[in-house]
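Engineer: Pasting the sequence and the predicted coordinates here, then a few questions.
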Amino acid sequence: MADRFREPFEPAPRPVWPLRVMFVESVAGEREVAPASAPVAGLVWLFGEAPRTVPLLAVAVGGAVEFGPLPIDLEVAQGGGPELALPGGHPGPFELVVYTELGYEAATWRPAGLGADVPRITLGEALRLRGLTTLGGALIQAADTGSRRAYLEVRAVREGEQGGAPLAASRLLLLVWEPDLLARLGVGD
């Protein structure tokens, strides 16, 4: 579906990012996540500032809570890349959700030594977290259809509540990559 809104076709009048699970095991709905923002009538996807239904979860990269797009590159593919720190005092667990033009994938992260320090994870480690597939696998699927961006949301959740209403959620963190990344990694096509 996503490539129908790219050249050589006419661009869509607004972004078309379906709010649905990318990979379904057996029963649809079991893996769906609750929205962290109030739905806006008529929108397919919530871009910009939508009314939040939960508090903002701070995410810092390099000590800064204001930062630009996070590049996905070979370093990230090898498990490294920028370190995401969650200084808000929530010990975990966390749910990380990757939103793509094809849908989303979610995975749970339980930081080692809960409560000991500010939870930290590299972007590469985050993309290795697994729902039905890895978060990175969802990005590969999207990149294989021509996508060059996705979004990551970090959510504080109650223990055992994957897909449940978040206690707090980060803003959408833009992830970007170069069109030749899959070829350089030897995956896709």
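Structural biologist: Here it is on my side, so go on.
Engineer: List the beta-bridge partners for I121.
Structural biologist: Applying DSSP bridges to I121 gives these bridge partners: L84.
Engineer: Isn't it up against P111?
Structural biologist: Yes: applying CB atoms under 8 Å, one finds I121 in contact with P111, separated by 7.2 Å. Glycine gets a C-beta too; all of them are placed from N, C-alpha and C.
Engineer: more neighbours, these two?
Structural biologist: I121 (20 against 17; other CB atoms under 10 Å).
Engineer: which residues does that one contact?
Structural biologist: E83, L84, W109, P111 (CB atoms under 8 Å, 6 or more residues apart in numbering).
Engineer: quick one: P119 and L86 touch, right?
Structural biologist: Yes: counting by CB under 8 Å, P119 touches L86, with 4.7 Å between them.
Engineer: Identify the contacts common to those two.
Structural biologist: By CB under 8 Å, 6+ apart, P119 and L86 have these common neighbours: F94.
Engineer: which outside residues touch the longest helix along the chain?
Structural biologist: For the chain, the longest helix by residue count, based on DSSP state H, is helix 135-144. When contacts are defined by CB under 8 Å, 6+ apart, helix 135-144 is touched by residues 2, 22-23, 72, 77, 96, 98, 100-105, 107, 126-129, 150, 152, 175, 177, 181-182, 187-189.
Engineer: what residues does whatever helix or strand comes next after it touch?
Structural biologist: With elements assigned by DSSP states H and E, the helix or strand that comes after helix 135-144 is strand 149-156. If you take CB under 8 Å, 6+ apart as the criterion, strand 149-156 is touched by 33, 36, 57, 59, 69-70, 84, 86, 88, 90, 92, 94-101, 126, 135, 138-139, 142, 166-177.
Engineer: All the strands of this structure, in order from the start?
Structural biologist: Ranges of strands within the chain are 60-61, 70-71, 83-85, 94-100, 103-109, 120-122, 149-156, 168-169, 173-176, based on DSSP state E.
Engineer: Tell me how far R171 lies from F67.
Structural biologist: R171 sits 11 Å away from F67, going by CB to CB, to the nearest Å.
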